[in-house]
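Asks: Have a look at this prediction, sequence included:
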Amino acid sequence: MTPSQRRDFESIAATACSQPLCQSEQARLEALLVEDEEARQLWLDFCRLHIELDLHTRAGVIAAGLRDRVQGADAGAEESSDQTGSPPAAALASPAGGRRTYRISMAAAAVAASLLAAAALIPRGWQETPKSSDRDGRVVAAVETDRTPKRRPEVVAVLRSQPDAKPERVGEEEECVVLAGEELAFGDGPSDVKMVCGANLLVEGPATVRFVSSNHVRLLAGSLSANLPEWARGFIVDTNAMRLIDLGTTFAVTSESATVAEAQVLKGLVKVQPRERAEQSLSGFLLNEGESVRIEGPKAVRNQVNLESSEARRRILELEKLDSYQPIPVNNSGVGLSVGEEDQHWRLVATSAPIAFDTPRYAVVCTPHPRYSINEPRRSQWLSVSPNNERLPADSSYTFRTHLDLTDYDSRSVRLIGQILADNGVRQICLNGDSVGDAPWINNTPNQRFDREEFHVIEISEGFLPGLNTIEIDVWNGGEYKGMPSAGTELQPNSNPMALRVEWQAFGRPSSYD
């Protein structure tokens, strides 16, 4: 983090601890936290300091109240003892047989107040997990305070390497997905990287690239060229010396050191922000087709590019040969609905259970069982047969069906990534009637929880058809364990809850390229 970035961050962080941020400040803070590890550590330090200062003020007030209440209770206990001749419940026998009255010191009260205040201020994810114990004091279960499930970072790109130019990340594979936050070291030679947002990159190794998100990369060393279709405008390439914001173009950028970088616009238009200003405002300048800029510390030198040179023509031709991906609309389970509402993108079409409900029927957003992760209406929610997630027969299966519309996409290029939670597992996933993915998997163990468990990830890259595709997920409902883990458990064929939660990501090549 540069000195100017640090000053910018400290200003925003200080404001955030005292008053709500405006929309632009909030976006700026989130960008800094995503991009810079030092910024994340500084943010934690700011939060801790803010909490400590608040506790310092509040502890005195709470301690005074505790002192008054304790002293009042002691006085009442003394009076009760004098009247009855027996010690109060708060008094214990000392070794000498005398009576010992519990009194809370100011210091202890302040500590208690601090703990109470801290519990209210610290985000749920930072709190320790409280434990419950059996009669012998043995820990038997953990009560989770953070019921948000763990997710794998989204896929932001697909990497295709030349046979003689594989980066270490790819190994022996010809193609692999790249996740948000990954940093890849590319070996000698060119590598083709297709961003999910539609941008195509040719990375000239040796190079190091950090994939921040689907429309944002950071070139730490080496060179890359980028070509973007109309829908991918706004793609960002950062170096340590400058930021490039694409406005619909083909360009090349080289990062030489922490303070030196160069960019060339081969087609279209690019916005350039020297790094010292890119993190503070929208100030910068436009670079037109056939122009270049070289940033050396505080200096920016603009020149012309010979678009007829062999190097420029090679890059343009190689990039134009590449097709682009485009995000495909998908239907996560329960998005935007309230508990009890039917999700018309998901149906229950079959069951092996001897229960009285007709199929097909729409799946219903249900109240999460205490063992489940919380519903997140903007991302995904639990679906089941009824709003209250009624208990269903053990050892039975339930088939959920949804669709993926690939109209206007080349079905041969489509990738579908699913993140799935299912109580108690998945027996089979079918695409257009054929089994796919790595099912089955079972989640049926003692004290099984579906709150902080990671989503089970599946990836499908073949078997798609033009137009509407049908996806079916067979959810298995297992048994119920009885007994404490310390004493052994036994699986009972008792009825128990069943529910499914799914988040999709899909992308492919628009058929307009054909």
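Replies: Looks like it came in fine.
Asks: can you pull the pLDDT of residue 73?
Replies: In this model, residue 73 is scored at 48, pLDDT.
Asks: Pull the number of nearby residues for residue 293.
Replies: Neighbour count of residue 293, defined by other Cβ atoms under 10 Å: 21. Quick note: C-beta positions are derived from backbone N, CA and C, even for glycine.
Asks: I meant to write residue 360 there.
Replies: 11.
Asks: Any buried residues in stretch 367-382, and which?
Replies: Under the neighbour-count criterion of 16 or more other Cβ atoms under 10 Å, stretch 367-382 has 367-369, 372-373, 375, 380-382 buried.
Asks: TSV for the residues you listed, including secondary structure and pLDDT?
Replies: Below are those laid out as TSV (DSSP: H, G, I helix; E, B strand; the rest coil; pLDDT from 0 to 100):
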residue	secondary structure	pLDDT
367	coil	95
368	coil	93
369	coil	89
372	strand	90
373	coil	91
375	coil	94
380	strand	96
381	coil	97
382	coil	97
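Asks: how about the helices of the stretch 401-514 of the chain, start to end?
Replies: For the stretch 401-514 of the chain, no helices are identified by DSSP state H, counting those that start in this stretch.
Asks: ah, wrong one, I meant the stretch 101-250 of the chain
Replies: Listed in chain order, the helices found in the stretch 101-250 of the chain under DSSP H, counting those that start in this stretch are 106-121.
Asks: Low-confidence regions, it specifically.
Replies: In the prediction, the stretch 101-250 of the chain carries residues with pLDDT under 70 at positions 101-146, 161-174.
Asks: same thing but at 90, please
Replies: Applying pLDDT under 90 to the stretch 101-250 of the chain picks out residues 101-150, 160-176, 187-190, 204-205, 228-234, 247-249.
Asks: do the same with the stretch 401-514 of the chain
Replies: In the stretch 401-514 of the chain, residues with pLDDT under 90: 424, 437-440, 442-454, 478-495, 511-514.
Asks: in it, which spans are strands?
Replies: Using DSSP state E, counting those that start in this stretch, the strands of the stretch 401-514 of the chain run over 415-423, 425-431, 434-436, 441-442, 456-460, 468-477, 480-482, 490-492, 499-508.
Asks: The fifth one to strand 468-477, inter-axis angle?
Replies: Angle between the axes of strand 456-460 and strand 468-477 is 150 degrees (criterion: axes from the mean of the first three to the mean of the last three Cα atoms, to 10 degrees).
Asks: picking that back up, out of the buried residues of stretch 367-382, flag the one nearest to residue 246.
Replies: Nearest to residue 246 among these: residue 380, at 31.2 Å, using Cβ to Cβ.
Asks: Quickly list what the closest one is bridged to.
Replies: Counting by DSSP bridges, residue 380 forms beta bridges with residue 376.
Asks: and what of residue 267?
Replies: Taking DSSP bridges as the rule, residue 267 bridges to residue 250.
Asks: dump the residue contacts of it.
Replies: Each residue near residue 267 by Cβ atoms under 8 Å, 6 or more residues apart in numbering is listed here: 249-251, 289, 316.
Asks: go on, residue 427?
Replies: Residue 427 sits in contact with 397, 439-440, 474-476, where contact means Cβ under 8 Å, 6+ apart.
Asks: Isn't residue 426 up against residue 444?
Replies: No. Contact criterion Cβ atoms under 8 Å: residue 426 and residue 444 do not qualify, at 11.8 Å.
Asks: Which one's more surrounded, the two?
Replies: More crowded of residue 426 and residue 444, by other Cβ under 10 Å: residue 426, with 24 against 18.
Asks: What sits closest to the more buried one if chain neighbours are left out?
Replies: Residue nearest to residue 426 in three dimensions, not counting chain neighbours: residue 439, with 4.8 Å by Cβ to Cβ, 6 or more residues apart in numbering.
Asks: Tell me if I'm right that that neighbour and residue 422 touch.
Replies: No. Using Cβ under 8 Å, residue 439 makes no contact with residue 422, being 9.7 Å away.
Asks: out of these two, which sits in the busier spot?
Replies: The neighbour comparison of residue 439 against residue 422 (other Cβ under 10 Å) goes to residue 422, with 27 against 19.
Asks: If the more buried one is in a bridge, with which residues?
Replies: Note on residue 422: beta-bridge partners by DSSP bridges are residue 500.
Asks: got a list of what it touches?
Replies: Residues near residue 422 by Cβ under 8 Å, 6+ apart: 443, 456, 473, 475-476, 499-501.
Asks: try 10 Å this time
Replies: Shown in contact with residue 422 (Cβ atoms under 10 Å, 6 or more residues apart in numbering): 382, 398, 400, 439, 441-443, 450, 455-456, 473-477, 498-502.
Asks: Just confirm residue 220 contacts residue 211, I think it does.
Replies: No. Residue 220 lies out of contact with residue 211 (Cβ atoms under 10 Å); the separation is 11.3 Å.
Asks: returning to that earlier point: kindly reformat the contacts of residue 267 as CSV containing distance to residue 492 and neighbour count.
Replies: CSV is the format used below for the contacts of residue 267 (distance: Cβ to Cβ, whole Å; neighbours: other Cβ atoms under 10 Å):
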residue, distance to residue 492, neighbour count
249, 64, 20
250, 64, 22
251, 64, 29
289, 72, 16
316, 68, 17
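Asks: Which of these sits closest to residue 207?
Replies: residue 251 (15.7 Å).
Asks: Just list the residues touching the closest one, thanks.
Replies: 224-228, 235, 237, 244, 263-270, 272, 287, 289, 292, 305, 315, 319.
Asks: if you set the cut-off to 7 Å instead, what comes out?
Replies: 226, 244, 263-266, 270 (Cβ atoms under 7 Å, 6 or more residues apart in numbering).
Asks: Most neighbours out of those, which is it?
Replies: The most crowded member of the contacts of residue 251, judged by other Cβ under 10 Å, is residue 270 (29 neighbours).
Asks: Return the helix or strand hosting that one as PDB; C-alpha atoms alone will do.
Replies: Assigned by DSSP states H and E, residue 270 falls within strand 269-274. C-alpha atoms of strand 269-274 as PDB (Å, rounded to 0.1, in the frame of the first residue of the first chain):
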ATOM      1  CA  LEU A 269     -10.500   3.800 -26.100                       C
ATOM      2  CA  VAL A 270      -9.000   3.300 -22.600                       C
ATOM      3  CA  LYS A 271      -9.100   5.400 -19.500                       C
ATOM      4  CA  VAL A 272      -5.700   5.600 -17.700                       C
ATOM      5  CA  GLN A 273      -5.300   6.500 -14.000                       C
ATOM      6  CA  PRO A 274      -1.700   6.900 -12.600                       C
END
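Asks: Which neighbours in the sheet does that strand have, and how are they oriented?
Replies: Here strand 269-274 is paired, per DSSP bridges, with strand 242-246 (antiparallel), strand 285-288 (antiparallel).
Asks: could I get the last one in PDB with only the CA atoms?
Replies: C-alpha atoms of strand 285-288 as PDB (Å, rounded to 0.1, in the frame of the first residue of the first chain):
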ATOM      1  CA  PHE A 285      -7.000  10.800 -19.000                       C
ATOM      2  CA  LEU A 286      -8.200   9.000 -22.100                       C
ATOM      3  CA  LEU A 287      -5.900   7.000 -24.300                       C
ATOM      4  CA  ASN A 288      -7.100   6.700 -27.900                       C
END
